[in-house]
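*Asks:* Everything below, folded, please.
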Amino acid sequence: MEIAPFDLERWFAEVEPDADIMLAESGVRPLPADRFDTDPGELGYVIPTAGDPEFRADVGALHDRTADETLFTCGTQEANLLAFLALADAHAVVVTPTYGSLTALPDAVGEVTEVPLEEPEWTLDPDTVAEAVRPETDLVVVNNPNNPTGRAHDEATMRAVYDVCEDNGTYLLCDEVYRMLAADPTPPVASFGRYGVSTGGFSKAFGLAGLRFGWLCGSAAVVAAAENWKDYTTISPPKFGQHVARQAFERREELLAENRELAAEHRSVVVDFLEERDLSWSDPDCGVNAFVEVPEGFAGGRSFCRSLVEEASVVLAPGEAFGRPEYFRIGYGLHREELEEGLSRVGSFLDRHA
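*Replies:* Predicted structure coming up:
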């Protein structure tokens, strides 16, 4: 099996270590460890290796699934990998733009047809998905709320896509890592029925990326197939991650309310900046990501982002990493002082290149 280099992660690996400000981080600013009990006891394997059954039952219940229909993973990234290994074979339909692995992983094991969101509102048309689905289609893949645009697809849209999948005997895999940042989250796809599979985790909405703790929810057969593959990847989720994740889950109303407030306040800061600079964006309605059009005078997102990091030591994500070279992704979930300093440097950079 061959897989393409992960363009976004290779970009970050190249420029982030030496840069002053990371203005492309896709999650909420990390919470300090001292807000939690950080002593999990002995650092052995999590037993059973699927994750603590009681905790799995609690997470599963949010998806109308049981403990046996819930698998804990090392982040949402592993959850998605296991879903593709378990379910993808011949053909997948992937809604784009999206996080790079959601296209690259199914492409490594089969054929992929991309269905683009409809600009400028970045809406998803279920009829377009239906046209792309074939009799042999294993999976339809959606990231909701979407990364990089920050736009959320409503329940009616997602149920219409699920109906397309159900009629074809095709699974609908939805990466929902930003879902709980919404004030009124749409129901998870795993709750729709047999063919719904949801992945998520504590990295983005909770601001706990360092835990590397996520989950996959779906039918018992899907979870069993994913767990079979997990025996060959990480075996069990991290003991430390599960220990802190359980506390964060129990305090989720408090933590998510705090993070939603931060996301709303920081969105307003970015709106003011973009309006002052007359730059258009994807007008996100959930999460802390947005797609912004590349200013005039630059060949594309990578040209703009490279010039910016070299001159101003600020990292943005080039749109080429999402198949849209006319955009760049900005993340506004970082600490307020970093956000304001980063935008100030971007503004000065634009003044020099106007």
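
*Asks:* give me the number of residues near Tyr178?
*Replies:* The tally of other residues near Tyr178 (other CB atoms under 10 Å) stands at 29. (Each C-beta comes from the backbone N, C-alpha and C, glycine too.)

*Asks:* Pretty sure it sits against Pro284.
*Replies:* No. Using CB atoms under 8 Å, Tyr178 makes no contact with Pro284, being 9.8 Å away.

*Asks:* tell me, what's touching the two both at once?
*Replies:* With contacts taken as CB atoms under 8 Å, 6 or more residues apart in numbering, the residues that reach both Tyr178 and Pro284 are Pro145.

*Asks:* ok, Ala130 touching Cys165?
*Replies:* No. Between Ala130 and Cys165 there is no contact under CB under 8 Å: 9.5 Å.

*Asks:* These two: which has the busier surroundings?
*Replies:* Cys165 (26 against 18).

*Asks:* check contacts around that one.
*Replies:* By CB under 8 Å, 6+ apart, the residues touching Cys165 are Val133, Val140, Tyr171, Leu172, Tyr195.

*Asks:* The nearest residue to Gly214 once chain neighbours are set aside and Gly297, how far apart?
*Replies:* In space, and not counting its chain neighbours, Gly214 is closest to Gly201: 2.9 Å by CB to CB, 6 or more residues apart in numbering. With distances taken as CB to CB, to the nearest Å, Gly201 is found 39 Å from Gly297.

*Asks:* Likewise for Cys174?
*Replies:* Using CB to CB, one obtains 38 Å as the distance from Cys174 to Gly297.

*Asks:* More neighbours: those two, which one.
*Replies:* For Cys174 and Gly297, the more surrounded residue by other CB under 10 Å is Cys174, and the numbers stand at 26 against 11.

*Asks:* Mean confidence (pLDDT) on the host helix or strand of the more buried one, please.
*Replies:* Applying DSSP states H and E as the criterion places Cys174 in strand 171-175. In this model, strand 171-175 carries a mean pLDDT of 98.

*Asks:* name the helices or strands packed onto that strand?
*Replies:* Packing partners of strand 171-175 (3 or more CB pairs under 8 Å, 6 or more residues apart in numbering; DSSP states H and E): helix 75-87, strand 137-143, helix 155-168, strand 196-201.

*Asks:* Let me know the angle separating the second one from helix 75-87.
*Replies:* To tie it back to what came earlier, the one meant is strand 137-143. Using axes from the mean of the first three to the mean of the last three CA atoms, to 10 degrees, one finds that strand 137-143 and helix 75-87 are set 170 degrees apart in direction.

*Asks:* what comes up buried for the strand holding Cys174?
*Replies:* Tyr171, Leu172, Leu173, Cys174, Asp175 (16 or more other CB atoms under 10 Å).

*Asks:* Tell me where the stretch 1-150 of the chain has strands.
*Replies:* In the stretch 1-150 of the chain, the segments counted as strands under DSSP state E, counting those that start in this stretch are 21-22, 70-73, 91-96, 111-116, 137-143.

*Asks:* List the contacts of the second one.
*Replies:* Applying CB under 8 Å, 6+ apart, the set of residues contacting strand 70-73 from outside is 46, 50-52, 55-57, 59-60, 63, 79, 82, 201, 213-217, 223, 226-227, 230, 234, 237, 242.

*Asks:* ok now that strand, how far from the chain's centre?
*Replies:* Offset of strand 70-73 from its chain centre (CA atoms, centre = their mean, to the nearest Å): 17 Å.

*Asks:* Tell me the strands beside that strand, with direction?
*Replies:* In the sheet, strand 70-73 lines up against strand 214-217 (antiparallel) (DSSP bridges).

*Asks:* tilt between the next helix-or-strand element following the partner strand and strand 171-175?
*Replies:* With elements assigned by DSSP H and E, the helix or strand that comes after strand 214-217 is helix 220-230. Orientation check (the same axes, to 10 degrees): helix 220-230 against strand 171-175 gives 60 degrees.

*Asks:* continuing past helix 220-230, what's the next helix or strand?
*Replies:* Later in the chain than helix 220-230, the nearest helix or strand by DSSP H and E is helix 239-250.

*Asks:* What pLDDT is listed against the residue lying closest to Ala312 once chain neighbours are set aside?
*Replies:* Here the nearest residue to Ala312 in space, its sequence neighbours aside, is Arg345; by CB to CB, 6+ apart that works out to 4.2 Å. pLDDT recorded at Arg345 is 98.

*Asks:* and Arg345, how many residues sit next to it?
*Replies:* Neighbours around Arg345, by other CB under 10 Å: 18.

*Asks:* So which bits of the helix or strand containing it are buried?
*Replies:* Taking DSSP H and E as the definition, Arg345 sits inside helix 336-353. Neighbour counts over helix 336-353 (16+ other CB under 10 Å) mark Glu338, Leu339, Glu341, Gly342, Leu343, Arg345, Val346, Phe349, Leu350 as buried.
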